[in-house]
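Chemist: Okay, here's the prediction I keep looking at, along with the sequence it came from:
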Amino acid sequence: MNPVLDIHDLAKTFDLGFLGSLPLIGRSLSRLQLKGIAQRIEAVRGVTFSVERGEIFGFLGPNGAGKTTTIKMLMGLIRPSRGTATLLGRPIGDLEARARLGFLPEHPYFYDYLKPVEFLEFYGRLFRLTARERRQRAEALIDRVGLRHAVNRPLRKFSKGMVQRIGIAQALIGDPELVVMDEPMSGLDPMGRKDVRDLIFELKEQGRTVFFSSHILQDVEALCDRVAIMARGQVRSQGPLHALLGDRAERIDVTLAALTAPAEAALTAQAGAPRALPDRWIFSLPGESDVGPFVRAALDAQAQLISVVPHRRSLETLFVEAAQAAEAADNAAQRGGA
Amino acid sequence: MWQLIAIALNTFREAIRNRLFAALLLMTVGMLVVVAAFSSASLHEEVRLVKDMGLFLTSTLSVLIAIFVGVNLVYKEIDRRTLYTVAPKPIYRWQFLLGKYVGLGLTLAIQVLFLGAALAAVYGTVTGAEGTALTFVGILTGWLVADFLAQAIGARPFEPGASGDSTLLMDRVRRLLALAAGVGLILYTGLVLPLEMLQALFLVYVEVMVVTAVALVFSSFSSPFLSGFLTFGVFVLGRFSDRLAGLDLSEKGQPLDPVLERVQTLVHGIAQVMPDLTLFNVTPYVVYGHPVTWAFVLQSALYGATYASLALLLAALMFSRRDFM
């Protein structure tokens, strides 16, 4: 396979503080970690993953994990301290690759004195589209993102959701092969989120590759073919969603009613103590193979079967585990260093 | 090149939509009042005073605005994160920077034109040319009224779907009106002012573009406040660069104290690096009616273009290495 996005050991260290940002001497000073004066922050610490053509790839992680810094490096907004990356087979910053790329930043802010058509035509000019192409694509995208009603309004009068929609339109004006979006669902209401989800599916159907970061795990679970979970500047887990979450249930909850005391004792011996509700008993079984014999025994004891609910490992669990593992590893490293 | 033009036109459009022309009109009226008031108070020196004070005000106001807008030009794009969607497009960072400079240059050209036309109105009046001020006011009023009407028609609610095209048509009409007003002001200024004053106005514009390039250098790595402060410093030193270069601290026949000698060397060094803005000030010639040669004007313009190009090169180098956090 030929990856659309290939990142190898990408890292970024910021030299911050009053003196840290000085050219040449700032880097040496910031090694001393003089807080507020010259300090080094390792935002991204050697990230490696790839995105294949035509897939929807989710980039997850808690706040401060380094997702936006990684995306900014890919978009050429920040220079990597180490590592390499290729977009559409070309190095970061290559103009030919950029011509086939669409990008929506996090919390976008645009030239608010422009009206939607002017705004999209401006970005169309940057892609060297002809006047006719610019006009046609701008009009089509305005319809696609549902902003026809606001076509005469300058962007300063747009709501947050409308700004996000016009932002998506500008990301698509160059007819990109790869669309990169940083938190595209952020700040949108449920309808807006659904629209963006539909749009992302539509892009995939058109054969485009979509790479997006998000906090909203529900959306990621619904959309993505593969994900990478980042925490504390490193990718902690990555792969196809079904492989990460597993196909088998982790736990099966069986809810019973009309249970007699001897039957409860017998079933407890088989599956452990239930969670007791006023007229319900919920037994948690560890594996799918235990369900058949347990349900048979319950029915034989004249119990009423209310439900059998399998619980798969959720993306949320995976997300929390990755964040906790990263924190533990960092703490251990700090203790080792001390 | 197309990308550069797109950035330049967008910068120009931003200046216009941010009510630049309203501010310009206000400044122009202010200048007319100040110059007219001073000239009427002078005794038989009206023409000299209009030339002197008019050129001084045109130059100072233009440079101050150039510094203010210049230091905010790139900073605003980073601070408001508008750059985040432009930089990942197929455009080099130097093209972006140069586009911003060209766009501001276009805006500043119109500013100098406005102030020059206002100066022409006062000059025409004090030299006794009948109807001069009336023509100036007529051009401006005609344009403003026509633009207001076009805007009013363009702002009318249209049926969805057709509205975009109607607005576009009105925008084109407004652009044509502005162009016609601009041509009118150029012709008016050119016909009313003597040649040496036109040459002086041209050199004011070159000076403004040099100062803007310096502002871009500073703003490519520091905050607007610091950039403004540093650019203003360069402007002041540049205005006195001939005196700095010729500074002689020695007393007649006395050897120079080593400390003073170092100070003198430092001042001479600073004078070498600063732009020689005295080359763009021909007011003394204009005031006393001495002709300014075209050779001088062209040499000064060439010097200004070279200095601005070097400054822009430096700004582009720093800007291209910058992280946008």
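Modeler: Everything's here; your move. Numbers count the residues shown, from 1 in each chain, chains lettered A, B, ... in the order given.

Chemist: Could you look up the SS state of the residue lying closest to A:L285 once chain neighbours are set aside?
Modeler: Closest residue to A:L285 apart from its sequence neighbours, by CB to CB, 6 or more residues apart in numbering or on different chains: A:I252 at 4.6 Å. The C-beta positions use only the backbone N, C-alpha and C, and glycine is treated the same way. Classification of A:I252 using DSSP: H, G, I helix; E, B strand; the rest coil returns strand.

Chemist: Could you list the low-pLDDT ranges of the stretch 51-200 of chain B?
Modeler: Along the stretch 51-200 of chain B, segments meeting pLDDT under 70 span B:130, B:154-168.

Chemist: Tell me where it has helices.
Modeler: Under the criterion DSSP state H, counting those that start in this stretch, the stretch 51-200 of chain B contains helices at B:83-86, B:93-126, B:132-154, B:163-192, B:195-219.

Chemist: Same check on the stretch 201-338 of chain A?
Modeler: For the stretch 201-338 of chain A, the helices defined by DSSP H, counting those that start in this stretch cover A:217-223, A:241-245, A:261-271, A:291-300, A:315-337.

Chemist: Single out the most deeply packed of the ones you listed.
Modeler: Stretch with highest mean neighbour count among the helices of the stretch 201-338 of chain A: helix A:217-223 (a mean of 18; mean count of other CB atoms under 10 Å in any protein chain shown).

Chemist: How far does that one sit from its chain's centre?
Modeler: 8 Å (CA atoms, centre = their mean, to the nearest Å).

Chemist: Also stretch B:15-34?
Modeler: 13 Å.

Chemist: correct me, but B:A146 touches B:A178?
Modeler: No. Applying CB atoms under 8 Å, one finds B:A146 not in contact with B:A178, separated by 9.6 Å.

Chemist: near chain B, which residues of chain A?
Modeler: Residues of chain A lying close to chain B (CB under 8 Å from any CB of the partner chain) are A:14, A:72, A:75-79, A:95-96, A:98-99, A:101, A:103-105, A:107-111, A:113-115, A:117, A:122-123, A:125-128, A:139, A:148-149, A:151-152, A:167, A:170-171, A:174.

Chemist: Which of these fall in strands?
Modeler: Per DSSP state E, strands hold the following members of the residues of chain A next to chain B: A:14, A:101, A:103-104.

Chemist: hmm, which helix or strand of chain A has the shakiest average pLDDT?
Modeler: One helix or strand of chain A scores below all others by mean pLDDT, DSSP states H and E: helix A:25-30, with a mean of 60.

Chemist: Now do A:E121 against A:R128, distance only.
Modeler: To A:R128, A:E121 is 12 Å away according to CB to CB, to the nearest Å.

Chemist: Kindly report the same for A:R280.
Modeler: Counting by CB to CB - A:R280 and A:R128 are separated by 67 Å.

Chemist: how many other residues sit next to the nearest residue to B:I153 once chain neighbours are set aside?
Modeler: In space, and not counting its chain neighbours, B:I153 is closest to B:M170: 6.0 Å by CB to CB, 6+ apart. Applying other CB atoms under 10 Å in any protein chain shown, we find 18 residues neighbouring B:M170.

Chemist: and what of B:G116?
Modeler: A count of nearby residues for B:G116, using other CB under 10 Å, gives 30.
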